[in-house]
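**Q** I'd like to go over a predicted model; first the sequence, then the structure.
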Amino acid sequence: MAYDVDNIFAKILRGEAPAFKVYEDEFSLAFMDVMPQVPGHTLVIPKDPTEDVFSADPVILGHTINPVQSVAAAVKKAFDARGIMLAQLNGAAAGQTVFHLHFHILPRSEGLEMLLHARAMADFAELEAHAQRVKSALGE
């Protein structure tokens, strides 16, 4: 499959779609998932147009995993989570719905129900508040 330049993450990177950003550098962008599985569900994407881990430039992938680590720590702190679940899906059979490489950061606690992927759009005011919590935890 060829990379779709009109996927939602490509649009976010071009500024054509809104995002509640929590971190950005030369290589990657982190923002709140608008259809969160749990409160604090955050995504980290490379700025490079790549579909999945198999087609990723290893250098870009290396630059992307650093923010995954630091943003995950900030999400854990911001949401007082007992743990963090990282998910990275490759291909439709694995559940990937946006074909731009991305990492899910999900705060986890015992008894916290996890909603189905892409079940419902979250309230944007709540996402902005969540983004501010993660930014604060990052020290921004």
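**A** Yep, that arrived.
**Q** name the SS class of the closest residue to residue 95 other than its chain neighbours, please.
**A** Sequence neighbours aside, residue 89 is the residue nearest to residue 95 in space, at 4.8 Å (criterion: C-beta to C-beta, 6 or more residues apart in numbering). For the C-beta atoms, the positions are set from N, CA and C on the backbone; glycine is no exception. Under DSSP: H, G, I helix; E, B strand; the rest coil, the three-state class of residue 89 is coil.
**Q** residue 89 contacts residue 100, doesn't it?
**A** No: here residue 89 does not reach residue 100: they are 11.4 Å apart, not a contact under C-beta atoms under 8 Å.
**Q** between those two, who's got more neighbours?
**A** residue 100 (23 against 18; other C-beta atoms under 10 Å).
**Q** show the pLDDT at the more buried one.
**A** The model reports residue 100 with a pLDDT of 98.
**Q** cool, and residue 109?
**A** As predicted, residue 109 sits at a pLDDT of 86.
**Q** residue closest to the middle of the chain?
**A** For the chain, the residue nearest the mean C-alpha position is residue 43 (0.3 Å; C-alpha atoms, centre = their mean).
**Q** what's the helix or strand for that one?
**A** strand 42-46 (DSSP states H and E).
**Q** what about that strand, distance to the chain center?
**A** Distance of strand 42-46 from the chain centroid (C-alpha atoms, centre = their mean, to the nearest Å) equals 3 Å.
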